[in-house]
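*Asks:* missing the sequence, but the structure's below:
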């Protein structure tokens, strides 16, 4: 292997590790935040689940923490990527609820509420890409 290819391969490997570490840190931080600031998350629980908003927020926070930890462990990395894609799909209704009821979230610009919807598939792609070996 030429030096140039070796350097390129090493850079790609570092990038992959950075993606995984970033993904893990994001979900660990977001999951912990569910317990630090539960009210912010309870507000975005759709009306259908509002009666159980507290447990829903705790469960989603725990799911994010478990996914973040799983990304760091080689034996569970691939499954954790799928897990996080499922978590992102499960919380999508909360983002949709926010976009459809902007008057309830006056402190957040309307464009940002819609931007969250487009970020969801990108986050799913990130989870997939970062957890493939």
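*Replies:* Looks like it came in fine. Being a predicted model, the structure only gives us computed values, none of them experimental.
*Asks:* run through the helices of this structure in chain order.
*Replies:* 3-36, 38-42, 53-72, 77-100, 110-131 (DSSP state H).
*Asks:* and the average pLDDT for the longest one is what?
*Replies:* Right, helix 3-36. Averaging pLDDT along helix 3-36 yields 81.
*Asks:* circling back to that earlier point, can you list the helices of the chain in TSV and add mean neighbour count?
*Replies:* Placement of C-beta: from N, CA and C, glycine included. Below are these laid out as TSV (neighbours: other CB atoms under 10 Å):
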stretch	mean neighbour count
helix 3-36	14
helix 38-42	14
helix 53-72	19
helix 77-100	18
helix 110-131	15
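*Asks:* give the contact list for residue 56.
*Replies:* 42, 45, 49 (CB atoms under 8 Å, 6 or more residues apart in numbering).
*Asks:* measure the first one to residue 62 for me?
*Replies:* To residue 62, residue 42 is 15 Å away according to CB to CB, to the nearest Å.
*Asks:* now swap in the last one and tell me
*Replies:* As for residue 49, its distance to residue 62 is 16 Å (criterion: CB to CB).
*Asks:* what does residue 81 give?
*Replies:* According to CB to CB, residue 81 stands 18 Å off from residue 62.
*Asks:* residue 100 now?
*Replies:* To residue 62, residue 100 is 27 Å away according to CB to CB.
*Asks:* could you do residue 105 as well?
*Replies:* Distance of residue 105 to residue 62, given as CB to CB: 24 Å.
*Asks:* could you do residue 131 as well?
*Replies:* Going from residue 131 to residue 62 by CB to CB gives 19 Å.
*Asks:* next one: residue 129
*Replies:* Distance from residue 129 to residue 62, by CB to CB: 24 Å.
*Asks:* now swap in residue 34 and tell me
*Replies:* Distance from residue 34 to residue 62, by CB to CB: 8 Å.
*Asks:* which residues touch residue 71?
*Replies:* Residue 71 sits in contact with 20, 23, 24, 27, 77, 80, 81, 84, 130, 131, where contact means CB under 8 Å, 6+ apart.
*Asks:* show me what contacts the residue nearest to it when sequence neighbours are not counted?
*Replies:* If the residues on either side of it in the chain are set aside, residue 71 comes closest to residue 24, at 4.2 Å by CB to CB, 6 or more residues apart in numbering. Residue 24 makes contacts with 68, 69, 71, 72, as judged by CB under 8 Å, 6+ apart.
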